[in-house]
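# next comes the sequence, and after it the predicted model I'd like to discuss.
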Amino acid sequence: MKPTDVQDPDYFHKVVDCQWACPAHTPVPEYIRLIAQGRFSDAYMVNRRSNVFPGILGRVCDRPCEPACRRGRVEEEPVAICRLKRVAADHRDDIRDRLPTRPEQSNGRRIALIGAGPASLTVANDLAPLGYECTIFEAMHRPGGLMISNIPAFRLPESVLDEEIDYILDMGVELKTNHRIESLKSLLGEGYDAVFVGSGAPKGKDLQIEGRDEARDNIHIGIDWLESVAFDHIDSIGKRVLIIGVGNTAMDCCRTSKRLGADTVKVMARKPREFFKASPWELEDAEEETVEIIVNHSPKRFVVENGRLTGMEFEVMEYDFDEAGRITNQRITGSTIIPCDDVILAIGQENAFPWIERDLGIEFDKWGVPIVDEATHQSTRDGVFFGGDSAFGPKNIIWAVEHGHQAAISIHKHCEGEALHERLPRGVNLNSAKMGMNEWMYSNSYEGALRRAMPAVELEERFKTLSTEVELGFSAEQIVTEVQRCLNCDVQTVFAAPLCKECDACIDICPVDCLTITANGEEPDLRTRLKAPAANQDQALYVSEPLKDTGRVMIKDENLCVHCGLCAERCPTAAWDMQDSDIFIPHVDDEVKGVAAE
């Protein structure tokens with residue numbers, strides 16, 4: 001194998017698994033170290049740079065970072081990354097004086113943003129401080145999009161939502177609520193320099209089976225029903241409720257039903273649990289609140305008696321699987337009727353663009369989704385951009401934020417007449433973490449502590465109001481151990497081949513057997529010759545330059561390394577060093593500075 005190119009920023013970025021997995025590339029270890037030092041406001045600002053909504057996402061993020069966490073390779077549970085984000089938000093000081101502000105002089109560019117959800121708000125957050133005149137058009141009476149209409153207050157208090165949205169609006173962003181855009185052609189005729197569509201995927205999927213029309217009064221579309229609850233249009237539900245679907249929306253529906261008076265709530269799943277779309281913690285929270293989840297039941301018909309919904313009939317399914325866990329065959333083994341008073345359908349969401357005329361040069365695919373460049377977020381019409389669920393279908397808030405960051409760069413380049421694809425590259429800066437003999441700028445001691453459980457409101461208290469937040473958050477004292485569980489994966493092991501004497505000291509002391517000195521070869525062969533065979537193809541092998549004494553190479557399996565620094569402490573020639581990697585992820589303000597520097 002060729003020596004590893006450590007100048008490639010993505011090499012070390014990928015080693016920081018949590019940051020790599022985060023769509024917005026939040027530097028997780030950095031903000032956790034700041035929390036460990038009690039620097040909550042600094043940690044909040046580090047978060048806000050990338051994810052914009054630390055208080056919101058600290059409660060409701062889909063947490064792609066946590067399954068990637070390296071801690072999960074040495075213990076059962078990852079670091080509570082998401083909840084530590086909330087710690088920074090809960091314990092910060094007033095940070096308004098640290099936020100970017102709108103310049104006194106506008107740059108004369110007018111940007112229209114459709115929908116006041118996380119994608120549009122992120123675009124405004126990035127562009128307003130640069131002098132852009134941003135106007136957000138929102139169909140509802142308040143901003144937030146699905147964050148306010150579809151995430152219940154017992155998970156996300158409105159005060160948290162309002163505060164972080166206000167940070168953006170206070171930058172001079174104009175918000176027009178109760179202002180539904182009925183025609184994109186008309187909006188384009190108002191002379192905006194660019195239009196960003198962040199209207200979400202507002203159409204819930206229906207289930208057209210026998211009995212649907214007769215039972216319409218007691219069958220609800222999940223996202224519409226949650227919106228009606230959020231805005232006080234619905235305040236009750238039947239005693240026996242069935243939820244069809246097992247995504248995160250279904251979990252919000254079933255838990256909300258309990259708070260509106262349902263005695264029994266059953267979530268009906270067509271497939272086994274390993275195929276559920278809902279996050280594991282969402283399922284756990286629902287089951288803790290006595291929601292029953294029933295697998296392998298496929299809806300067949302709504303049972304209607306004397307014009308009233310009385311139940312649903314389901315086909316009972318059975319599946320065969322291959323070695324990879326994929327379904328190879330399915331069969332119906334019978335049917336059953338489950339009584340109910342109301343049914344909530346949470347089987348997916350779709351985009352809906354009746355207000356976009358089809359003669360504007362915006363192309364749509366066969367599913368009615370706009371064709372959007374995944375890098376620039378521009379549609380097939382110049383100057384019209386999409387982001388969030390409206391661009392690529394339902395995902396989650398953190399994806400919408402990243403779409404907003406990238407769209408903001410494109411909007412700026414479009415307004416400046418620059419090529420949209422010519423963007424600043426990512427970068428990496430490495431600085432030694434050494435502070436003295438065997439002393440580092442970070443704590444490299446291994447804490448074998450278990451993940452801290454989130455304190456929560458007692459079960460009987462949760463159902464008294466819809467606005468009682470279930471999770472109480474962590475106190476500063478409660479997270480002392482949890483922050484030490486972070487393995488500081490952004491402090492990299494860096495090797496200088498000319499200094500190596502092949503004494504094997506680093507290999508002997510490595511607690512996870514990630515180091516091997518061996519003859520070079522092709523990757524498949526090398527992976528089998530390591531001290532611990534490297535089976536995880538998703539993580540790279542580090543390969544050094546040939547060592548001067550024997551021509552062999554130092555190999556490190558990045559998948560196993562826990563960044564403990566013992567190799568650097570033990571090495572008698574300082575061939576190994578621990579270096580803090582700062583991954584540069586460019587935003588639109590960096591693009592502006594880059595242009596100015598030229």
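Alright, I've got the coordinates.

# how close does residue 316 sit to residue 330?
11 Å (C-beta to C-beta, to the nearest Å). C-betas here are computed from N, CA, C, even on glycine.

# sec struct for residue 343, please.
strand (DSSP: H, G, I helix; E, B strand; the rest coil).

# just checking, it touches residue 220?
Yes: counting by C-beta atoms under 8 Å, residue 220 is a contact partner of residue 343 at 7.1 Å.

# rewinding a little: so which of residue 316 and residue 330 has more stuff around it?
Taking neighbours as other C-beta atoms under 10 Å, residue 316 and residue 330 compare with residue 316 leading, 16 against 13.

# give me the most central residue, this protein.
Nearest residue to the geometric centre of the chain (C-alpha atoms, centre = their mean): residue 398, 3.9 Å.

# excluding chain neighbours, what is closest to it?
Spatial nearest neighbour of residue 398, excluding adjacent residues (C-beta to C-beta, 6 or more residues apart in numbering): residue 23 at 5.1 Å.

# poorly predicted segments of the stretch 451-598 of the chain, please.
Counting by pLDDT under 70, the ranges of the stretch 451-598 of the chain that qualify are 595-598.

# can you show me the strands along it?
491-495, 515-518, 541-543, 553-557, 576-584 (DSSP state E, counting those that start in this stretch).

# quick check: angle from the first one to strand 553-557?
Looking back up the chat, that one is strand 491-495. 160 degrees (axes from the mean of the first three to the mean of the last three C-alpha atoms, to 10 degrees).

# output the contacting helices and strands for strand 491-495.
When contacts are defined as 3 or more C-beta pairs under 8 Å, 6 or more residues apart in numbering; DSSP states H and E, strand 491-495 packs onto strand 553-557, strand 576-584.

# any idea which of those strands is most buried?
With neighbours taken as mean count of other C-beta atoms under 10 Å, these reach their highest mean count in strand 553-557, at a mean of 24.

# got the CA positions of that strand in PDB?
Presented in PDB, the C-alpha positions along strand 553-557 are these (Å, rounded to 0.1, in the frame of the first residue of the first chain):
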ATOM      1  CA  VAL A 553       6.000  -0.200   7.600                       C
ATOM      2  CA  MET A 554       4.100   0.900  10.700                       C
ATOM      3  CA  ILE A 555       0.400   0.000  10.300                       C
ATOM      4  CA  LYS A 556      -2.400   1.400  12.500                       C
ATOM      5  CA  ASP A 557      -6.000   0.200  12.300                       C
END
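
# give me the sheet partners of that strand and which way each runs.
Sheet pairing of strand 553-557 (DSSP bridges) gives strand 515-518 (antiparallel), strand 541-543 (antiparallel).

# what sits against residue 476?
38, 40, 87, 91 (C-beta atoms under 8 Å, 6 or more residues apart in numbering).

# if we ignore the residues flanking it in sequence, what's nearest the second one?
Which is residue 40. Closest to residue 40 by C-beta to C-beta, 6+ apart is residue 91, at 4.1 Å.

# before we move on, back to that, can you redo the contacts of residue 476 as a markdown table with pLDDT, distance to residue 51 and neighbour count?
Converted to a markdown table, these look like this (pLDDT from 0 to 100; distance: C-beta to C-beta, whole Å; neighbours: other C-beta atoms under 10 Å):
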| residue | pLDDT | distance to residue 51 | neighbour count |
| --- | --- | --- | --- |
| 38 | 94 | 21 | 11 |
| 40 | 97 | 16 | 20 |
| 87 | 96 | 14 | 26 |
| 91 | 96 | 17 | 18 |
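
# dump these into a markdown table; add distance to residue 505 and secondary structure as well.
Output for the contacts of residue 476, formatted as a markdown table (distance: C-beta to C-beta, whole Å; DSSP: H, G, I helix; E, B strand; the rest coil):
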| residue | distance to residue 505 | secondary structure |
| --- | --- | --- |
| 38 | 36 | coil |
| 40 | 40 | helix |
| 87 | 39 | helix |
| 91 | 42 | helix |
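
# just the closest of those to residue 273, please.
The shortest gap between residue 273 and any of the contacts of residue 476 belongs to residue 87, at 30.6 Å (C-beta to C-beta).

# measure the closest one to residue 200 for me?
Distance from residue 87 to residue 200, by C-beta to C-beta: 29 Å.

# identify the residues contacting stretch 464-472?
Residues contacting stretch 464-472 (C-beta under 8 Å, 6+ apart): 59, 83, 152-155, 157-158, 229, 256, 259-260, 285, 454-457, 461-462.

# for residue 514, which of the helices and strands packed on strand 491-495 is the nearest?
Of those, nearest to residue 514 by C-beta to C-beta is strand 553-557, at 4.6 Å.

# direction-wise, compare the closest one with strand 576-584 and give the angle.
Put simply, strand 553-557 runs at 60 degrees to strand 576-584, going by the same axes, to 10 degrees.

# chain center to strand 553-557: distance?
32 Å (C-alpha atoms, centre = their mean, to the nearest Å).

# same question, stretch 384-395
That offset, for stretch 384-395, works out to 15 Å (C-alpha atoms, centre = their mean).

# next, the buried residues of that stretch.
The neighbour-count check on stretch 384-395 (16 or more other C-beta atoms under 10 Å) flags 384-392, 394-395 as buried.

# in CSV: those, plus distance to residue 185, pLDDT and secondary structure.
Converted to CSV, those look like this (distance: C-beta to C-beta, whole Å; pLDDT from 0 to 100; DSSP: H, G, I helix; E, B strand; the rest coil):
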residue, distance to residue 185, pLDDT, secondary structure
384, 11, 97, strand
385, 17, 98, strand
386, 16, 96, strand
387, 21, 94, coil
388, 22, 92, coil
389, 23, 89, helix
390, 17, 88, helix
391, 20, 88, helix
392, 24, 85, helix
394, 27, 78, coil
395, 28, 84, coil
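
# which of the contacts of stretch 464-472 count as buried?
Applying 16+ other C-beta under 10 Å to the contacts of stretch 464-472 flags 59, 83, 152-155, 157, 229, 256, 259-260, 285, 454, 462 as buried.

# against residue 192, how distant is the residue nearest to residue 266 when sequence neighbours are not counted?
Excluding its sequence neighbours, the residue lying closest to residue 266 (C-beta to C-beta, 6+ apart) is residue 292, at 4.8 Å. When distance is defined by C-beta to C-beta, residue 292 is 50 Å away from residue 192.

# same question for residue 267.
Residue 267 is 44 Å from residue 192, by C-beta to C-beta.

# which of these two has more neighbours?
Legend: neighbour count by other C-beta under 10 Å for residue 267 and residue 192, higher for residue 267 (26 against 18).

# confirm that one sits in a strand?
Yes: checked against three-state DSSP, residue 267 lies within a strand.

# wait, it sits on residue 243?
Yes: checked against C-beta under 8 Å, the pair residue 267 and residue 243 is within contact range at 4.5 Å.

# mutual contacts of these two, please.
Joint contacts of residue 267 and residue 243 (C-beta under 8 Å, 6+ apart) are 250, 254.

# how about the CA coordinates for the longest helix along the chain, as PDB?
Counting residues, the longest helix in the chain under DSSP state H turns out to be helix 397-416. What follows is helix 397-416 as a C-alpha-only set of coordinates in PDB (Å, rounded to 0.1, in the frame of the first residue of the first chain):
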ATOM      1  CA  ILE A 397     -33.400  18.600  11.500                       C
ATOM      2  CA  ILE A 398     -29.700  18.300  11.400                       C
ATOM      3  CA  TRP A 399     -29.800  17.400   7.700                       C
ATOM      4  CA  ALA A 400     -31.900  20.400   7.000                       C
ATOM      5  CA  VAL A 401     -29.400  22.600   8.800                       C
ATOM      6  CA  GLU A 402     -26.500  21.300   6.700                       C
ATOM      7  CA  HIS A 403     -28.600  21.800   3.500                       C
ATOM      8  CA  GLY A 404     -29.100  25.400   4.700                       C
ATOM      9  CA  HIS A 405     -25.300  25.900   5.100                       C
ATOM     10  CA  GLN A 406     -24.600  24.600   1.600                       C
ATOM     11  CA  ALA A 407     -27.500  26.500   0.000                       C
ATOM     12  CA  ALA A 408     -26.300  29.700   1.600                       C
ATOM     13  CA  ILE A 409     -22.900  29.300  -0.100                       C
ATOM     14  CA  SER A 410     -24.600  28.700  -3.400                       C
ATOM     15  CA  ILE A 411     -26.900  31.600  -3.000                       C
ATOM     16  CA  HIS A 412     -24.000  33.900  -2.300                       C
ATOM     17  CA  LYS A 413     -22.100  32.600  -5.300                       C
ATOM     18  CA  HIS A 414     -25.200  32.900  -7.500                       C
ATOM     19  CA  CYS A 415     -25.600  36.500  -6.500                       C
ATOM     20  CA  GLU A 416     -21.900  37.200  -7.100                       C
END
